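# Just to be clear, the model below is a prediction. Sequence and coordinates:
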Amino acid sequence: MAKMACACGTILRDDDPEASLFLLSSREFDVDLGAVQLLGMARLVLHCPVCGRVWIYWRDGERATEYVPSGQVSEGASPG
Ligand SMILES: [Zn+2]
């Protein structure tokens, strides 16, 4: 299980059904494969419901790459 603190301070977990997403390229998405195989190939993506950031684990064992919604500063969620 992956658990990390978003830059805004929110704790994100990969077992949170709302926050965890799976990323597959069109090439990887083979409809003949089973769900277990597809999930095994997919990259884990965590979406922060507070600030909207997306964190993508491009490679197993490496840190997630941060993606910040356009127009938002990287220091955290908007004040107030
Ligand atoms: Zn956040």
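Alright, I've got the coordinates.

# Distance check, E18 against A42.
17 Å (CB to CB, to the nearest Å). The C-beta positions use only the backbone N, C-alpha and C, and glycine is treated the same way.

# Just want to know which of the two has more residues nearby.
Each of E18 and A42 has its neighbours counted (other CB atoms under 10 Å); A42 has more, 16 against 7.

# excluding its backbone neighbours, what's nearest the more buried one?
Leaving aside its sequence neighbours, A42 sits nearest to F22 (CB to CB, 6 or more residues apart in numbering; 3.8 Å).

# For that neighbour, list the residues it contacts.
38-39, 42-45 (CB atoms under 8 Å, 6 or more residues apart in numbering).

# Show me what it is bridged to.
Under DSSP bridges, the beta-bridge partners of F22 are L44.

# roughly how far apart are it and the ion?
According to CB to the ion, to the nearest Å, F22 and the ion sit 19 Å apart.

# so who does R53 touch?
6-8, 47, 66-69.

# related to what we said a few turns ago, show me just the buried residues among the contacts of F22.
By neighbour count, with 16 or more other CB atoms under 10 Å, the contacts of F22 hold 42-45 as buried.

# What parts of the chain come near the ion?
6, 8, 10, 48, 50-51, 53 (CB under 5 Å from the ion).

# can you rerun that using 8 Å?
Within the chain, the positions adjacent to the ion are 6-10, 12, 48-53, 76-77 by CB under 8 Å from the ion.

# what about this protein, any weak spots by pLDDT?
Low-confidence segments of the chain, defined by pLDDT under 70: 1, 72-80.

# one more time with 80
For the chain, applying pLDDT under 80 flags the ranges 1-2, 71-80.

# And the helices in it, which stretches?
Assigned by DSSP state H, the chain shows helices spanning 35-41.

# All the strands of it, residue numbers only.
With DSSP state E as the criterion, the chain has strands at 3-5, 11-13, 20-23, 43-47, 54-57, 65-67.
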